[in-house]
Structure formats: structure tokens, C-alpha cells
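Colleague: Build me a model:
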Amino acid sequence: MGLTNRIVETASYRGQGNAREVFWDDDPVGLGLRVFTSGRKTFVLSFRPNVTTRLLTLGDFGVLRLEDARKRARTELLAVEIEQAAL
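Modeller: From the prediction side, this is the model:
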């Protein structure tokens, strides 16, 4: 199930302690909404340029809208693909 504007707006932290709480999107794969214990929400991108998984913060919800986060995620994924092809 992908993220929707409603999910992003109403998401709240439900984790235990300081566990990472991320709601994942499916377009593009790797885009997520991270919710902190404080209530802060950021868009993140998870990707694997090699064997190590990276979690890149794209920006805060409120500054970025969901559609903006999707565009930025696609741009970052393309940059990773280009970089890997050059190696």
C-alpha cells in the first residue's frame, strides 16, 4: 500500500521507545515517511548503492508535499544509478 496525503497528514508515532517508525510508499520503492516520537515527520529514501543500506532524508513534511518528495526520490535514485554505472 502506498502513501496518500491523508496517511501522511494523520500518521503518528506508534513505536516502542525510540524505535524507527517508517511508513513506506510503493512508488517509488524506497520512499518513506519517518515519524519521530516528537511528532516530527520527514520524508526519507532507503536505497542500496552497494551492500550497505542508506537512509537519506529528503525533507520535512510541511516543507515538502508528498508529490514533491516522490519527485525528489526519483531524482536521487537516478543519481545513484548514474553513479553506479560510472564505476
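Colleague: got the phi/psi numbers for K41?
Modeller: phi -130, psi 130 (degrees, to the nearest 10).
Colleague: Could you check the pLDDT of it?
Modeller: Looking at K41, its pLDDT reads 97.
Colleague: Can you tell me what sits against the lengthiest helix in the chain?
Modeller: In terms of residue count, the longest helix belonging to the chain (DSSP state H) is helix 66-86. Residues outside helix 66-86 that contact it (Cβ atoms under 8 Å, 6 or more residues apart in numbering): 3-5, 8, 25, 27-28, 30-31, 43, 45, 47, 49, 56, 58-59, 64. In short, each C-beta sits where N, CA and C put it, glycine included.
Colleague: what comes up buried for it?
Modeller: Using 16 or more other Cβ atoms under 10 Å as the test for burial, helix 66-86 gives 66, 69-70, 72-73, 76-77, 80.
Colleague: ok so, going back, whichever of the contacts of helix 66-86 end up buried, select them in PyMOL.
Modeller: To isolate the buried members of these in PyMOL, using 16+ other Cβ under 10 Å:
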select buried, resi 3+8+25+28+30+31+43+45+47+58+64
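Colleague: Tell me which of the contacts of helix 66-86 fall in helices.
Modeller: Those of those lying in helices (DSSP H): 5, 8.
Colleague: ok, back up a step: distance to E21 and pLDDT for the buried residues of helix 66-86 - can I get that in CSV?
Modeller: Converted to CSV, the buried residues of helix 66-86 look like this (distance: Cβ to Cβ, whole Å; pLDDT from 0 to 100):
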residue, distance to E21, pLDDT
L66, 17, 97
A69, 17, 98
R70, 20, 97
R72, 21, 97
A73, 19, 97
E76, 22, 95
L77, 23, 94
V80, 25, 88
